[in-house]
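In: okay, sequence plus prediction incoming.
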Amino acid sequence: MTKSQSKPWIVQKYGGTSVGKLLDTITGSILPEHLQDYNVAVVCSARSGTSKSKGTTSLLLDAIKLATSSKADTSELDHVIDVIKGEHLQAAANEITSEDSADILSNLQLLIQKDCEQLRTFLKATWTLGEISDRTQDRVLAVGETLSCRIVTGSLRSKGISAETVVLDDIVQAAYGRDQRDLTRAYRSNPSEFLQGLSDTIWKRMASCTGVPVITGFFGTMPGSLLHSVGRGYSDLCAALCAVALNAEELQIWKEVDGIFTADPRKIKTARLLATVTSEEAAELTYYGSEVIHPLTIEQIDTAAIPLRLKNVKNPSGNGTIIYPSKPSPASSGDSPSLGALTSTYTSALSKKTFMTANGYYGETQYRRKPTAVTVKEDITVLNVKSNGTSRPHMFLARVGEVLERHDINIDLISSSQQMLSLAVCSTKGDRIHDVTAELCEFGVVTAVKNMAIVSVVGHKMRNMTGIAGEIFHALASAKINIYLISQGASEISVSFVVEARDALLATEVVHTNVMRIPLHCEQENTFIRGPWLY
Ligand SMILES: Nc1ncnc2c1ncn2[C@@H]1O[C@H](COP(=O)(O)OP(=O)(O)O)[C@@H](O)[C@H]1O
Ligand SMILES: N[C@@H](CC(=O)OP(=O)(O)O)C(=O)O
């Protein structure tokens, strides 16, 4: 199978655990089915066997630590590289079993050996030097995605599908040059524009591909390293950049969950799958704990007006959740075959011409004035600062902000009065919070309350839902849950509050049961279809 000029593009991103556990489903059924109607570009993360914390990226991070630790010896480093090499060789052998594909397998095994031995040489040189730059760290992490893509490409070829691995790890330098200071300046002045500027270069790489491009989800090396500038989960963003480069009809992120639910389905048994969410809702849910998608991804596809669909590799026929952009996609208006051949909800949205209207909404003809979802962000500390009265309130705020900025600590929620400031911050940066608390004592009396959680209730135009805050806090009071900090209005689409971590699950349950109240007639295969909304 090769690329066709007449077919539209879709981009499919597969996470590390999906590539690790479900490769045969991906290359044996999901991809061939979509290739009938589309040109498909595949973006892959580094493989994970069971969980992300034990996956290749985590092993590579361990290797970096060992290579830069004065206490570690090279045998420990050798062991980690051997584990990575062994797992990939084994995965290749498990995946490509037919005798007809023996050449494909031996070629793949050679490539895996070569990549891993290069990695070993590189990390041993680092060990000798005893230090590693951000760029070098990025080069090490890139190996995880390259190995993963090599296996996916081999698997597709063994099934008679023409495919090519596309390595994007030099894409930033190809687009912007090698001068680190220029890169940093360009990125800091406008990160979104900087990322959009990679599209042309990505497109050129893919254009020269003859078969299915199997693209590394790693696209460093970024100013200050990809891990620091974007963070874990960077391949969602890479997939969005590819979708923008190809002007794709849809970006699909394939996971091991059916889509976005009204609450975390692992914790809330009555949570329902949402057929659609807006890009603002998806961003807010992601920021406040429902880590189903990398936040920068949403911004990129929204700017390019490309719909994003979350789908489940274990349930490919499900419609998933669509995140609609806030303006219509240029790619959707052509004569290209409709995604409806594969997914009925999307077709119905298009054929009913409910595709994004001037005041911004898609969807079916149901009306709803309830929040969309409830989410929890754990590992929160609340810092209460009582001013000693030496600064005026706005200067007090500015000085506290300056201390947090210096220690690179984000404020997740804030509430203030004449003399008092309460800040919810992420407590995983333990040492830094300790330092911040000590410094803030200069401005007044500081208390740090640990083991807290932020619960956020998210919904389009929530600010206009009269009485919703009352319903939320009434439900919490009935469950005898104490609230430490409340924020509404900072975002039009959420009400957030801090509770003790041990109350977070109960708070989610009572809000989900009493405030969301999803009407039964809105159910469709347990899927909740929403909008357009009343304004
Ligand atoms: N509102 C939500 N909707 C869907 N999943 C959620 C939500 N909140 C939290 N989650 C959790 O996010 C996880 C994301 O799915 P998963 O396939 O495990 O991610 P990844 O591909 O990043 O490894 C799920 O395990 C799910 O329990
Ligand atoms: N491999 C990277 C990038 C990534 O996006 O992973 P995943 O798609 O499995 O979340 C990581 O572990 O962070």
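Out: Sure, I can see it. The model shown is predicted, which means the values in this text are computed figures rather than measured ones. Residues are numbered from 1 along each chain as shown. Ligands and ions are numbered 1, 2, ... in the order given.
In: now do the same contact list for the residue nearest the centre of the chain.
Out: By Cα atoms, centre = their mean, the mean C-alpha position of the chain lies nearest to residue 294, the distance being 1.9 Å. Residues counted as contacts of residue 294 (Cβ atoms under 8 Å, 6 or more residues apart in numbering) are 230, 231, 233, 234, 236, 237, 286. No exception for glycine: its C-beta is placed from N, CA and C like everyone else's.
In: how would you label residue 376: helix, strand or coil?
Out: Here residue 376 is strand, with the state taken from DSSP: H, G, I helix; E, B strand; the rest coil.
In: residues near it, how many?
Out: 22 (other Cβ atoms under 10 Å).
In: is it bridged to anything, and to what?
Out: residue 455 (DSSP bridges).
In: one more: residue 250?
Out: Going by DSSP bridges, residue 250 forms beta bridges with residue 10.
In: that one contacts residue 10, doesn't it?
Out: Yes: with contact defined as Cβ atoms under 8 Å, residue 250 counts as touching residue 10 (4.9 Å).
In: enumerate the residues of the chain near ligand 2.
Out: 15-16, 45-46, 52, 55, 57, 144, 217, 232-236 (Cβ under 6 Å from any ligand atom).
In: of the residues you listed, buried ones?
Out: Taking 16 or more other Cβ atoms under 10 Å as the criterion, what is buried in those is 15-16, 45-46, 52, 55, 57, 144, 217, 233-236.
In: do a quick rundown of the strands in the stretch 101-250 of the chain.
Out: 163-166, 212-216, 250-255 (DSSP state E, counting those that start in this stretch).
In: which one of those strands lies closest to residue 377?
Out: strand 250-255 (19.6 Å; Cβ to Cβ).
In: mean confidence for that closest one?
Out: Throughout strand 250-255, pLDDT has a mean value of 96.
In: could I have the CA atoms of it written out in CSV?
Out: Taking Å, rounded to 0.1, in the frame of the first residue of the first chain, the C-alpha atoms of strand 250-255 are listed here in CSV:
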residue,chain,number,x,y,z
GLU,A,250,-8.4,14.3,12.0
LEU,A,251,-5.8,13.6,14.6
GLN,A,252,-6.5,10.4,16.4
ILE,A,253,-4.8,9.7,19.8
TRP,A,254,-5.1,5.9,20.5
LYS,A,255,-5.1,5.0,24.1
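In: hmm, back to that, CSV for the strands of the stretch 101-250 of the chain, including distance to residue 32 and mean neighbour count?
Out: Below are the strands of the stretch 101-250 of the chain laid out as CSV (distance: least, Cβ to Cβ, whole Å; neighbours: other Cβ atoms under 10 Å):
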stretch, distance to residue 32, mean neighbour count
strand 163-166, 12, 21
strand 212-216, 10, 28
strand 250-255, 15, 26
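In: can you name the residues in contact with stretch 201-215?
Out: 1-3, 31, 35, 40-44, 149, 152-153, 156, 161-166, 168, 171, 174-175, 219, 238, 241-242, 245-246.
In: between the two ends of that stretch, how far is it?
Out: 13 Å (Cα to Cα, to the nearest Å).
In: how close does residue 467 sit to residue 371?
Out: Distance of residue 467 to residue 371, given as Cβ to Cβ, to the nearest Å: 12 Å.
In: which one's more surrounded, those two?
Out: Per other Cβ under 10 Å, whichever of residue 467 and residue 371 has more neighbours is residue 371, with 26 against 9.
In: what does this structure put close to ligand 1?
Out: Counting by Cβ under 6 Å from any ligand atom, the chain sits next to ligand 1 at 15, 17, 52, 255-257, 260-261, 263-266, 285, 290-292, 373, 375.
In: of those, keep whichever come out buried.
Out: For these, buried by 16+ other Cβ under 10 Å: 15, 17, 52, 255, 257, 260-261, 263-265, 285, 290, 292, 373, 375.
In: now for the closest residue to residue 77 other than its chain neighbours: which residues touch it?
Out: The shortest distance from residue 77 to any residue other than its chain neighbours is 4.8 Å, reached at residue 66 (Cβ to Cβ, 6 or more residues apart in numbering). Residues in contact with residue 66 (Cβ under 8 Å, 6+ apart) are 72, 76, 77, 80, 123, 127.
In: hmm, try it at 7 Å
Out: 72, 76, 77, 80 (Cβ atoms under 7 Å, 6 or more residues apart in numbering).
In: tell me the one among those nearest to residue 386.
Out: For the contacts of residue 66, the nearest to residue 386 is residue 72 (46.0 Å; Cβ to Cβ).
In: check the secondary structure at the nearest residue to the closest one once chain neighbours are set aside for me.
Out: Excluding the flanking residues, the one nearest residue 72 by Cβ to Cβ, 6+ apart is residue 66, at 4.2 Å. Assigned by three-state DSSP, the conformation of residue 66 is helix.
In: now do residue 66, the pLDDT please.
Out: Confidence score, pLDDT, at residue 66: 93.
In: domains in this structure, by residue range?
Out: 9-255, 373-522 (automatic domain parsing).
In: residue 370: neighbouring residues, count only.
Out: 17.
In: my error: substitute residue 207 in the last question.
Out: Residues near residue 207, counting by other Cβ under 10 Å: 11.
In: got it, and residue 384?
Out: Using other Cβ under 10 Å, residue 384 has 18 neighbouring residues.
In: from the buried ones among the residues of the chain next to ligand 1, which is closest to ligand 2?
Out: Each of those was checked against ligand 2 using Cβ to the nearest ligand atom; the closest is residue 15, at 3.5 Å.
In: and the closest one, what does it touch?
Out: 45, 255 are the contacts of residue 15 under Cβ under 7 Å, 6+ apart.
In: quick one, what contacts residue 220?
Out: 138, 142, 169, 172, 226.
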